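Student: Fold the following and give me the result.
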Amino acid sequence: MIKHTKTLKVRVRDKHKALLNSMARNVNFVWNYVNELSHRSIKERGVFLSAYDIHPYTKGAGKELELHSQTLQCIAGEYVTRRKQFKKARLNWRKSGG
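Tutor: Residues are numbered from 1 along each chain as shown. The predicted structure follows:
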């Protein structure tokens, strides 16, 4: 059975721009924090952290960053997946707003 994917283009209204930019900055902040945490763990202990190991370090940050806890877990999971995919101890930093 063939699955078809349809891509929709949706214009984001200007009133949502500030909120989306804020969320993007917060997601990039978490990515960079996890990147630094993972790199320090590898450097100091020689241990690669899994998404499960990263979770206690990001626990409770969702309220301050206005992100859901599942979002933080997904960021950590995505980070671990990409680190394994590219076989690197440290990935590139993510930046927002240029």
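
Student: could you say which helix or strand contains the nearest residue to residue 95 once chain neighbours are set aside?
Tutor: In this structure, residue 95 finds its nearest non-sequential neighbour in residue 28, 6.4 Å apart by C-beta to C-beta, 6 or more residues apart in numbering. In this view, the C-beta of every residue, glycine as well, is placed from N, C-alpha and C. Element membership for residue 28 (DSSP states H and E) is helix 17-45.

Student: Tell me which helix or strand comes right after the lowest-mean-pLDDT helix or strand in the chain.
Tutor: In the chain, the helix or strand scored least confidently by mean pLDDT, DSSP states H and E is helix 61-65, which has a mean of 89. Counting by DSSP H and E, the next helix or strand C-terminal to helix 61-65 is helix 69-86.

Student: Name the residues of that next one that are buried.
Tutor: Under the neighbour-count criterion of 16 or more other C-beta atoms under 10 Å, helix 69-86 has 71, 72, 73, 75, 76, 79, 80, 83 buried.
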